[in-house]
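In: sequence? don't have it. structure:
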Ligand code: AP5
Ligand code: MG
């Protein structure tokens, strides 16, 4: 089973490219951000805690994230592989994931780093809208990523919403947190010979072409 990590700053296109990869190769999409947003909807202690913390733009406790990930991994089988979108986000999570793979006798296939700068990423979140049901991401200001019917999910037919952390203030913290805690993983995976870099500042289709050429070689 292939295991591919998408490593990138916020709004680089992890969710967008994950959807395309899953459609083309039948992979399962695992976004820890989506898992946390789902847990955040629950009217319990964890849900309330997450509502506050996700709004801050900082990372959520490693133990909480790991538990959600392990639960999700237990549900997937008979698949050609899965995409990890937004996990790991620090060295501790990466080490934990190595151990998990070892315990299952599996190997990490590749880490695809999507590079994009702060200004472009910020521009992309301004128009971002997503489906609260399936998590599919659109952009009402970027033509190639607009839904067929304005404000409605192509697949679920329900109204698209804006994420509560998509404001400039929280975005700044998310980006700083990325530089401080997640960016060191580029060197970490480069040293393991697993890192592939993709220029994510070009169009969605052009980014996907670069990713396809990596995945086809795995
Ligand atoms: P998460 O949900 O993962 O958010 P993020 O990392 O900030 O990334 P985004 O989802 O904002 O962006 P994306 O890269 O998926 O881009 P997208 O495809 O949407 O995490 C949210 C929070 O959860 C974190 O802040 C943290 O608190 C917590 N969390 C999550 N995982 C965690 C973990 N492992 N540990 C601890 N805490 C964790 O694209 C963005 C927009 O641009 C869209 O509108 C899209 O249509 C458009 N677009 C995409 N690509 C292109 C392109 N090539 N050209 C033009 N437009 C494009
Ligand atoms: Mg995302």
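Out: In hand now; what should we look at? Model, not experiment: these values are computed from the prediction. Residues are numbered from 1 along each chain as shown. Ligands and ions are numbered 1, 2, ... in the order given.
In: and the protein, which residues reach ligand 1?
Out: 8, 10-16, 31-33, 36, 54, 57-60, 65, 86-87, 89, 93, 124, 128, 137-139, 142, 145, 174, 200, 203-204, 207 (C-beta under 6 Å from any ligand atom). For every residue, glycine as well, the C-beta is placed using N, CA and C.
In: Quick one, which of these are buried?
Out: 8, 10-16, 31-33, 36, 54, 57, 59-60, 65, 86-87, 89, 93, 124, 128, 137-139, 145, 174, 200, 204, 207 (16 or more other C-beta atoms under 10 Å).
In: Okay, and which of those map to helices?
Out: In helices, defined here by DSSP state H, the members of these are 14-16, 32-33, 36, 54, 65, 93, 124, 174, 204, 207.
In: Those also near ligand 2: which ones?
Out: 14, 15 (C-beta under 5 Å from the ion).
In: what's the distance between the residue of the chain found nearest ligand 1 and residue 166?
Out: Ligand 1 sits closest to residue 33 of the chain, with a gap of 2.0 Å, by C-beta to the nearest ligand atom. Computed as C-beta to C-beta, to the nearest Å, the residue 33 to residue 166 distance reads 12 Å.
In: in this structure, which residue is closest to the centre?
Out: Note on the chain: the residue nearest the mean C-alpha position is residue 85, at 2.9 Å, using C-alpha atoms, centre = their mean.
In: List the buried residues in stretch 208-218.
Out: 208, 210, 211, 215.
In: Could you export these as TSV, including secondary structure?
Out: Formatted as TSV, the buried residues of stretch 208-218 follow (DSSP: H, G, I helix; E, B strand; the rest coil):
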residue	secondary structure
208	helix
210	helix
211	helix
215	helix
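In: Flag every residue of the chain that's near ligand 2.
Out: 14, 15.
In: thinking again about what came up before, spatially nearest residue to the residue of the chain closest to ligand 1, not counting backbone neighbours?
Out: The shortest distance from residue 33 to any non-neighbouring residue, by C-beta to C-beta, 6 or more residues apart in numbering, is to residue 86 (4.8 Å).
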